[in-house]
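> with the sequence up front, the predicted model follows.
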Amino acid sequence: MELLHTILQNFNTNKLIKIAIDGYAAVGKTSVEEAIANQYGYQFIDSGLFYRYVSYYHNNYSIDQIKQIFDEEQILKLINSIKHLNKEQYQESGIRAAQISANNELRDIINETIRKIVKSKGFVVIGYDITTLCLPDAEVKIILSADVETRVARRAFQTNLKDYINIFNNILERDVISQSLIKQAYNVSYEIDTTKLTLSEVVDMILIQVFKKIL
């Protein structure tokens, strides 16, 4: 794997591609995305932050008002502000985000916004719809999976919250809402079961898929 890492790190920007990553809640998408982006010069976008942002700050806005907000040049800066919520607020925004993601008009706006941002290559994008409706042209499409117990443990560690029952219920609720979207992603994506894998092992498996595309 060291040779693979060395090769990827020395490729110029002309070899950068679009990497789309989908998967259930708390499966490790963000950690994987950030690891790839930071090590190999990719920019990363989490579509979930768009839904969290709308659900937390503009839940009562109309579709037209939301569209105006997303037309702003500084939209990524606005979206990333959601990361500054405390752990409880962030978890609550995730529940709301899963609920409003069923709004097809909103999904269309968010997907179109992301497509405009990533017109050039060199992006890792995670979230629902990413491998199907949002970035069907992505050269690498990955879906991450893990058993529920593992995902609960990861979310508890990530948030430093020990209310396992609440975390479990939250994950199940989000699974039910996103189930149909995930099923679509399975049809076009390469699956990696992360249950027994370390972060570096998952990254390596994705890099193998990237390497196949840039040769």
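Yep, that arrived. What you see is a predicted model; the values in this text were computed from it and never measured.

> now the helices for this structure?
With helices called from DSSP state H, the chain shows them at 2-10, 29-40, 47-57, 63-70, 75-80, 87-100, 104-117, 148-159, 164-186, 199-214.

> mean confidence score for the last one?
Here helix 199-214 scores 92 as its mean pLDDT.

> tell me the buried residues in it?
202-203, 205-207, 209-210 (16 or more other Cβ atoms under 10 Å). Glycine gets a C-beta too; all of them are placed from N, C-alpha and C.

> before we move on, the earlier item: distance to Ile21 for the helices of the chain - can I get that in CSV?
Compiled in CSV, the helices of the chain are given as follows (distance: least, Cβ to Cβ, whole Å):
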stretch, distance to Ile21
helix 2-10, 17
helix 29-40, 5
helix 47-57, 10
helix 63-70, 22
helix 75-80, 17
helix 87-100, 17
helix 104-117, 13
helix 148-159, 15
helix 164-186, 10
helix 199-214, 8
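
> weakest of these by average pLDDT?
Among the helices of the chain, helix 2-10 scores lowest, at a mean of 60.

> and for Glu72, the neighbour number?
Per other Cβ atoms under 10 Å, the neighbour tally for Glu72 reads 10.

> for it, what are its contacts?
Leu78 (Cβ atoms under 8 Å, 6 or more residues apart in numbering).

> ok, 6 Å please
Counting by Cβ atoms under 6 Å, 6 or more residues apart in numbering, Glu72 makes contact with nothing.

> same deal with Asp193?
Contacts of Asp193 (Cβ under 6 Å, 6+ apart): Ser145.
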